[in-house]
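> Here's my sequence, what's the structure:
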Amino acid sequence: MVCIGIPENRSEHYLFLTGANYATLNQDLIHTKLLRVRDNLGVNMQPIWFGKYQLESPIMNGAGTCKTVEDVRKLATAPVAAIMIGSYTVNAQDGNPGDVWASPLNSLGMPNRGIEYLRKEGREMRKIAHDAGKYLAVSVAGYTPDEYCQLSEVAFEIGADWTELNKGCPNVWVTGGRQKEIVSFDEEVQDVIFDVMERAVGGQMYGPKYSPYTNPAQRIRVAQKVRSRRSVSFVTGINTFPNCYLPKEDGNPSIGFGKGLGGYSGPGMKAPALGQLVQFKEVFDEDPDCKIQYVYAGGVCTGRDVLDATRCGATLVQVVTAYAENHDPRVFERIATEYVNLVDPVHA
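Modelled structure (predicted):
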């Protein structure tokens, strides 16, 4: 199956918003423009190969924005190359109570219906995605190394094309009002997770999603450790910046849970996310045998953001906060239109 990120055999038009003007572009025109995008950007997109999968668009959603069959149906109408579902934990989670979304902060706490929902409904979600000409990826979040493996095994059983190991959610609080440690910053636990994954699902396509690293030495060290793992197919970066605080006008915290702390996301994360991308890619490129690819996430709101990420070496680009704010698939239409117009201005 070759996916182009736009449903095949669809005759209807998509409505795109570009600046103050509306333009109607049908599937065939977008397909043609994406082919020119592929050719214009050079080796990074001739065509886009993500592991064994061929895509003509780098754009997809990110974890946290799509978790149910209904969510997948909605994204199946959008010009995305792949649909990411999850994150899923072994046990269902209600998420954090109270006011947990105050953009650019959130403290959702990974609400999801758990591994049994994935096992029961996963094949239907895969079918919807594949029938729409899109790949299906699954984000998994374990509380132990074995849980990452258990969740990934179920994901591959239901036919997921790849899994993403969520190692960076900062908003899970456990008994006693204590935050769950963020796996991205525990290198020993990361090593154990990779060991378990290699034994259980080696040969399948998976990769970790990391938090933003502010310690340059740790950033390089983690990239070097990942590079040594030949079973890892890709790295995704970055997750939200943990434990940020913003007061409301009355002085009370904008986040009503977890002492007012939340993960920071949105446009302000672009520069940190690109910095991590550039440094990880530099480490990967030091080894000519390293095949690990990079999936970018961090403040993607415009087509220019997609272009900047691909120019810096990202293979795929995830749109998260811009979609999560209102779950309107038209945000992907706008971003895709801006992106192809930037790289193909003559035919805009």
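
> What is the burial count for residue 108?
20 (other Cβ atoms under 10 Å). For every residue, glycine as well, the C-beta is placed using N, CA and C.

> Pretty sure it sits against residue 96.
Yes: taking Cβ atoms under 8 Å as the definition, residue 108 is a contact partner of residue 96 at 6.4 Å.

> shared neighbours of those two, which are they?
Taking Cβ atoms under 8 Å, 6 or more residues apart in numbering as the criterion, residue 108 and residue 96 both touch residue 171.

> Wasn't residue 332 part of a strand?
No: assigned with DSSP: H, G, I helix; E, B strand; the rest coil, residue 332 falls outside any strand and is helix.

> Quick check: the closest residue to residue 75 other than its chain neighbours vs residue 194, distance?
Spatial nearest neighbour of residue 75, excluding adjacent residues (Cβ to Cβ, 6 or more residues apart in numbering): residue 83 at 4.9 Å. Between residue 83 and residue 194 the distance is 26 Å, computed by Cβ to Cβ, to the nearest Å.

> same question, residue 267
If you measure residue 267 against residue 194 using Cβ to Cβ, the figure is 32 Å.

> Over to residue 282?
Using Cβ to Cβ, one gets 21 Å for the distance from residue 282 to residue 194.

> Settle it for me: which of these two has more neighbours?
residue 194 (21 against 12).

> Surely that one is in contact with residue 235?
No: contact criterion Cβ under 8 Å: residue 194 and residue 235 do not qualify, at 12.0 Å.

> circling back: which SSE is the residue nearest to residue 75 in?
strand 82-88 (DSSP states H and E).

> Name every strand pairing with the helix or strand following that strand and say which way it goes.
Moving toward the C-terminus from strand 82-88, the first helix or strand encountered (DSSP H and E) is strand 101-102. According to DSSP bridges, the neighbouring strands of strand 101-102, each with its direction, are strand 105-106 (antiparallel).

> from the chain's centre, how far out does the partner strand sit?
Mean C-alpha position of strand 105-106 versus that of the full chain (Cα atoms, centre = their mean, to the nearest Å) differs by 17 Å.

> Can I get the next helix-or-strand element following that strand as PDB, trimmed to CA atoms?
Of the helices and strands lying after strand 105-106 in sequence (DSSP H and E), the nearest is helix 114-131. C-alpha atoms of helix 114-131 as PDB (Å, rounded to 0.1, in the frame of the first residue of the first chain):
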ATOM      1  CA  GLY A 114      -6.400   1.100  28.100                       C
ATOM      2  CA  ILE A 115      -5.000  -2.000  26.500                       C
ATOM      3  CA  GLU A 116      -8.300  -3.800  26.300                       C
ATOM      4  CA  TYR A 117      -9.900  -1.100  24.200                       C
ATOM      5  CA  LEU A 118      -6.900  -1.200  21.900                       C
ATOM      6  CA  ARG A 119      -7.200  -4.900  21.600                       C
ATOM      7  CA  LYS A 120     -11.000  -4.800  20.900                       C
ATOM      8  CA  GLU A 121     -11.200  -1.800  18.600                       C
ATOM      9  CA  GLY A 122      -7.700  -1.600  17.100                       C
ATOM     10  CA  ARG A 123      -8.400  -3.600  14.000                       C
ATOM     11  CA  GLU A 124     -11.300  -1.400  13.200                       C
ATOM     12  CA  MET A 125      -9.200   1.700  13.600                       C
ATOM     13  CA  ARG A 126      -6.500   0.200  11.400                       C
ATOM     14  CA  LYS A 127      -9.100  -0.600   8.700                       C
ATOM     15  CA  ILE A 128     -10.500   2.900   8.700                       C
ATOM     16  CA  ALA A 129      -7.000   4.400   8.400                       C
ATOM     17  CA  HIS A 130      -5.800   2.000   5.700                       C
ATOM     18  CA  ASP A 131      -9.000   2.300   3.700                       C
END
